[in-house]
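Enquirer: make a model of this:
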Amino acid sequence: MKRLIAPSGERTRILHIVSDSIPQRVVFTAERPSGGGPPDGTVEVVRRRWFARKAPETSPLSARQSFAKGFADVDYAIYVTPREDVAITFETRHFERKTLFLVLLGILVVAVLAAAAVPLL
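Expert: Residues are numbered from 1 along each chain as shown. The predicted model follows:
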């Protein structure tokens, strides 16, 4: 499971999904690393549909969060702004932008190697 720390008072992007039209549920937990009560702060969900950007959705930060990502959400990001440091742990897995670029880079490397091997045959 993906785990990260969102520093207090800073707007931290905890998830960014791009070019993925698969509807899915995003579920994560938030807790103070030092313990002592539920987390406090805000969660902002920013989504861009195929041809339009929706207004950001803001909700209070709680111990367990769940958000739906729809079919038309081709650019989807979640930001957290906690009042104290918060540890975020995802309960779900997602195909993020970094993974997409790594897959595309792998395909490019295979294509270059194949193009280089053709004259040798």
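
Enquirer: how long is stretch 12-31 from one end to the other?
Expert: 15 Å (Cα to Cα, to the nearest Å).

Enquirer: which parts of this structure are strands?
Expert: According to DSSP state E, the chain carries its strands in the segments 3-6, 12-18, 24-31, 41-48, 57-60, 64-69, 75-82, 86-90.

Enquirer: highest mean neighbour count out of those?
Expert: Highest mean neighbour count among the strands of the chain (mean count of other Cβ atoms under 10 Å): strand 75-82, with a mean of 21. Bear in mind the C-beta positions are built from the backbone N, C-alpha and C, glycine included.

Enquirer: that one pairs with which strands, parallel or anti?
Expert: Neighbouring strands of strand 75-82 in its sheet, by DSSP bridges, are strand 12-18 (antiparallel), strand 41-48 (antiparallel).

Enquirer: ok so, going back, any chance of CSV for the strands of the chain, columns mean pLDDT and distance to V110?
Expert: As requested, the strands of the chain are arranged in CSV below (pLDDT from 0 to 100; distance: least, Cβ to Cβ, whole Å):
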stretch, mean pLDDT, distance to V110
strand 3-6, 85, 31
strand 12-18, 86, 22
strand 24-31, 88, 28
strand 41-48, 90, 31
strand 57-60, 92, 40
strand 64-69, 88, 30
strand 75-82, 90, 27
strand 86-90, 87, 30
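
Enquirer: and A77, what are its bridge partners?
Expert: What pairs with A77, by the bridge criterion (DSSP bridges), is H16, V46.

Enquirer: dump the strands of the chain into TSV; add distance to A111 as well.
Expert: Putting the strands of the chain into TSV (distance: least, Cβ to Cβ, whole Å) gives the following:
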stretch	distance to A111
strand 3-6	34
strand 12-18	22
strand 24-31	30
strand 41-48	29
strand 57-60	40
strand 64-69	31
strand 75-82	26
strand 86-90	32
